[in-house]
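S.K.: turn this into a structure:
(chains A, B, C, D, E and F)
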There are 4 protein chains.
Amino acid sequence: MKNGRDPERTRARILDAATQEFARYGLGGARVDRIAERAGANKRMLYYYFGDKDGLFLAALEGRYAHIRNAERSLELEQADPRTALRRLVEFTWNYYLEHPEFLTLLNSENLHKGRHVRSSRRVRDLHSPFVETLGAVLRRGAKAGMFRPGIDPVQLYISIAGEGYFYLSNRYTLSRIFGRDLMAPRALAARARHIKQTILNSVRRQG
Amino acid sequence: MKNGRDPERTRARILDAATQEFARYGLGGARVDRIAERAGANKRMLYYYFGDKDGLFLAALEGRYAHIRNAERSLELEQADPRTALRRLVEFTWNYYLEHPEFLTLLNSENLHKGRHVRSSRRVRDLHSPFVETLGAVLRRGAKAGMFRPGIDPVQLYISIAGEGYFYLSNRYTLSRIFGRDLMAPRALAARARHIKQTILNSVRRQG
Amino acid sequence: MKNGRDPERTRARILDAATQEFARYGLGGARVDRIAERAGANKRMLYYYFGDKDGLFLAALEGRYAHIRNAERSLELEQADPRTALRRLVEFTWNYYLEHPEFLTLLNSENLHKGRHVRSSRRVRDLHSPFVETLGAVLRRGAKAGMFRPGIDPVQLYISIAGEGYFYLSNRYTLSRIFGRDLMAPRALAARARHIKQTILNSVRRQG
Amino acid sequence: MKNGRDPERTRARILDAATQEFARYGLGGARVDRIAERAGANKRMLYYYFGDKDGLFLAALEGRYAHIRNAERSLELEQADPRTALRRLVEFTWNYYLEHPEFLTLLNSENLHKGRHVRSSRRVRDLHSPFVETLGAVLRRGAKAGMFRPGIDPVQLYISIAGEGYFYLSNRYTLSRIFGRDLMAPRALAARARHIKQTILNSVRRQG
DNA sequence: GATGAATGAGGGTTCATTCAT
DNA sequence: GATGAATGAACCCTCATTCAT
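M.R.: As a prediction, this is how the structure comes out:
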C-alpha cells in the first residue's frame, strides 16, 4: 500500500514539503518537482489540491500565520500582570523566530512579491485582529496601573518587538559578515535576547 | 553610433539596470534578458563585465553597500554632540531605507541565499569596520559625559536602529494587510519615525 | 493522437535520432534540438529519459556496442574450424564497419573525450569479456591443430583485425585525398577486404 | 614591449596554440577565445592571419602533415636495404603516432567533417605523392631481390602500417576499458610495437 | 599590426503545467 | 484520487565573428 488513498494526509504532506521548499528557496526559487518528490506525491496532486504554485504558496503562508498566532494565544496575556505579559510576548516572539526560521523567509518572499497572495486572503486578516486587541488591552491595563506610558500604539510596539528579532535573524548572514561576528553563536543569541527585552521594556516605561 | 565605445558607461548602465531588476524580483526572479534590455546593452556584455549572474548580483550588492556607507560618512558623527550624533544616525537610517527600498530587497535576497556572495567579498567587509568604530566612539563619548549608559555594544545598538525601520518597511505589504492599515501613508511614516527615535534614545539613556 | 503514450517507442525514437546525430557531428557538434526534431519528440523528453546530453551519448554508445557484439555472437565461432572461424570474423568486422559507419565516429568521439562516458559504464565492460574468451579459444584450438602459431594474444590480434579496416574507413576522406584515389569505390573496397584477410591470416600462420 | 611587432612569431604562436586546442577538443569543441589566450594574442589577429576558424584548422592540419612527411624524408628509405627500409618505416610510424597524439585527433576531426578542409588544399596533396613513390620503389626493389611478394600495392601496405598503430593509439581509451587493460603501460606499448612489426613484415614476405 | 568592446544567433537545460489513462 | 508521459516557453550562458580606434 503506497502513499495514496488517504487524501487528508496526502494534502498535509504536500503542504509540509511546500513550506520547507518555499522557506529555503523563496517563491521563485522553489521547484514544484522537488516539492512533489519530498512529499512522496505525484506532481499532478499539487495542482489537484492547491490549484497552482501560487495557491500552494498562499496555503503555506496561511498555515504558518495560523501556527504562530495559535501559539501566541496560549500565552494567555489577558490574565497576566501587564509587565509580565509584555515580557512574555517579547520572549515568545524571539524564540519563535529563532525556532521557525522558515516563517521569516516565507514572509520575505511574500513581501518581495508585494503581498499579492496575502492581499486576497480573508483568513490571514481574520487571524490578526484579535491579537491586536489583546496587546492593546495589556497596554491599557499597564497605563492605568501607572507602569506604562499612556497612548502607546499596540501596532507600533508590536512591530518593534518583532523587528528587533526579525532583522537580526533574517539578515544574520550579511550581518555576521559585515560585523565579523557569528551572530548565531549561543552567547550572541543570549545577548540579543537580553538586549531586546531591555529595549522594549524601557520603551514603554513611564518617563522618569 | 549606438551605445558602444564608452566602457565605463556601459558597465555603469548594466549595473544600474541589474540593481533595479534584482531589487524588484530577487536574485532568482531576475531575468538577465530584462537587465540587458533595460541597460540598452547586448546580453553578452553582462558576462563580459561581470562573469555571470551571481557576479552581477554581488557587484550590485557591493555598490549599494558602498553607497549607504558613503552617505553615512557625510553625517560627520565624530564631531557632533553624542545625543545629536545618535539622533542623526537614526533619522538618516530610516530615511535611507525609505528612499532606497531596493537596498532592503537586495539584502533579503542575499540572506535567502545564506550570504554566499557576500561571504567571499573583501570589499564588503572592509566597508564596515570603520563604521562600527565611529559608532563605538560616539557611545563612549556619551557615556563619559554621563548621557548614555556605559557598556553599550555598538553592534547591538546598530542592529536595533536598522531593524526598527527595516522590518517595518521591508514587510510593509504583509503588515499593512494583517493590521488593516496603510503603513506607507505619510502620517503613518511620520509616526514610525517618531516611535523609532524615541525607542532608540530611550534605550541608551542612563537609567533614572 | 500525436506521438505520445508509448514510452518504449518514444525512448527508442530518441535514441535512434541521437545515434545518427552523434555519429554525424560528434558529441560536441551534435544539437539537442535536431535530435528532438528528428525523433518527433519534445526536447524535454530527452532529459526525461536520459538525464542530459552526455547520458544520451552514453546510451547511444552502449547501444551500438551491444549491437555489434550481438551480431558477432551469431557467427558461432566456437563450433567452426579455427581457420574458418578467423576468416569469418575478419570478414564480419570489415563488413560491419562498412555498413555501420556511425559506429566508427561514435568511438572516435568517445576517444576524443578520453573515454569519459564509457569509463563508468559497467554495461560496456560486461559486453566484452565473453568475446575475448571466444577468440582466445579459437586461437588455442588452431594452435593445437598446428595451424596457428602458439601464444598469440587475442587482444593484439583483434586490435589488428579491427584496426586494418577501421583506419581505412574512418579516415577515408583524408586518405582518399592524399593518395588521390577514391577509397570507397567498389573495386577499392573489395581490394581492401582481400588485403586484410591475407594480412591477418598470414600473421597467425605457423612460420614456414 | 608586449608581444606585438613580430608578425612571424605572432602567427606561429597562434598556429601552435590552435594545433593544441584542435587536437584536444576537436574542431567543434575548440574555442577561439582559448586559442587567442593561449597564444597571448588578440582574438582579432586570428582572423587577420587565418581568415576564420576553418582557415585556422586547415593551417594546423597542413602544418602537421608537413611535419610528419618531413620527418619521414629523413629516414632515407631510398638508400637502405628493402627489408631494413620497411622495418624502419614501421618503427617510425608507430613512434611518431605515439609521440604526436595530436596528429591523430586532428585527422579524426577532419574525417568527421568529411575532409572538407583538406579537399581544397593543394599543399596537402602535393606533400604525399613523393612519399608513395618512395615506398613503391622499396617494394619493387624488394620484389626484384626475391624478398617480397611482387605486386604489393604501396597504398594498401601503408594504410596497414598506419592503421595497426593508429587504431590502437587513437582508440586507447575505449579499448583499455573494454579489454580491461591499460594499453598505455610501457610493457603493452612494447608488445604492440613488436606485434605490428611482425605482422607487417610477414605480410610482404614471399610465401614459403 | 594590434586592441578592447560589442554583437546576434543559438547552445544545453529547466520551468510550471497538462494530457491520457 | 492518483499516475507517468508529454509540452512549449523561457532560462542562463557561450559561440564565432566584427566594429571602432
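S.K.: residues of chain A that sit close to DNA strand E?
M.R.: Within chain A, the positions near DNA strand E by CB under 7 Å from any atom of the strand are A:30-33, A:43-44, A:47, A:52-54. Where C-beta positions appear, they are placed from N, C-alpha and C, glycine not excepted.
S.K.: what do you get if the cut-off is 10 Å, keeping everything else the same?
M.R.: Applying CB under 10 Å from any atom of the strand, one finds that chain A approaches DNA strand E through A:21, A:25, A:27-36, A:42-48, A:50-57.
S.K.: inside helices: which ones of the residues you listed?
M.R.: Judged by DSSP state H, helices contain the following of the residues of chain A next to DNA strand E: A:21, A:25, A:27-29, A:32-36, A:43-48, A:50, A:53-57.
S.K.: just the buried ones from these?
M.R.: For these, a burial check counting by 16 or more other CB atoms under 10 Å in any protein chain shown picks out A:21, A:25, A:27-29, A:35-36, A:45-46, A:50, A:53, A:56-57.
S.K.: kindly indicate which of those lies nearest DNA strand F.
M.R.: The shortest gap between DNA strand F and any of these belongs to residue A:45, at 5.5 Å (CB to the nearest atom of the strand).
S.K.: now do the closest one, the pLDDT please.
M.R.: The per-residue pLDDT reported for residue A:45 equals 91.
S.K.: quick one: residue A:190 is in a helix?
M.R.: Yes - assessed with DSSP: H, G, I helix; E, B strand; the rest coil, residue A:190 lies in a helix.
S.K.: can you list the low-confidence ranges for chain A?
M.R.: Within chain A, the stretches with pLDDT under 70 are A:1-5, A:208.
S.K.: picking that back up, I'd like the buried ones among the ones in helices among the residues of chain A next to DNA strand E as a markdown table, with distance to chain D appended.
M.R.: Shown next, in a markdown table, are these (distance: CB to the nearest CB, whole Å):
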| residue | distance to chain D |
| --- | --- |
| A:21 | 37 |
| A:25 | 33 |
| A:27 | 37 |
| A:28 | 32 |
| A:29 | 31 |
| A:35 | 38 |
| A:36 | 37 |
| A:45 | 43 |
| A:46 | 41 |
| A:50 | 45 |
| A:53 | 38 |
| A:56 | 43 |
| A:57 | 42 |
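S.K.: how close does the residue lying closest to residue A:62 once chain neighbours are set aside get to residue B:14?
M.R.: Closest residue in space to residue A:62, ignoring its immediate chain neighbours: residue A:123 at 5.2 Å, by CB to CB, 6 or more residues apart in numbering or on different chains. From residue A:123 across to residue B:14, the span is 43 Å (CB to CB, to the nearest Å).
S.K.: all helices of chain A, in order?
M.R.: Counting by DSSP H, chain A has helices at residues A:7-29, A:32-39, A:43-50, A:53-73, A:82-99, A:101-112, A:122-144, A:154-170, A:172-179, A:186-204.
S.K.: so which of the ones in helices among the residues of chain A next to DNA strand E also contact DNA strand F?
M.R.: A:28, A:32-33, A:36, A:43-48.
S.K.: have a look at residue A:123 and residue B:14 and say which one is more surrounded.
M.R.: Taking other CB atoms under 10 Å in any protein chain shown, residue A:123 and residue B:14 do not tie; residue B:14 has more neighbours (25 against 14).
S.K.: for the more buried one, which non-adjacent residue is spatially closest?
M.R.: Distances taken as CB to CB, 6+ apart place residue B:39 nearest to residue B:14, at 4.5 Å, with adjacent residues excluded.
S.K.: show me the contacts for that neighbour.
M.R.: Contacts for residue B:39 (CB atoms under 8 Å, 6 or more residues apart in numbering or on different chains) come out as B:10, B:13-14, B:16-18, B:45.
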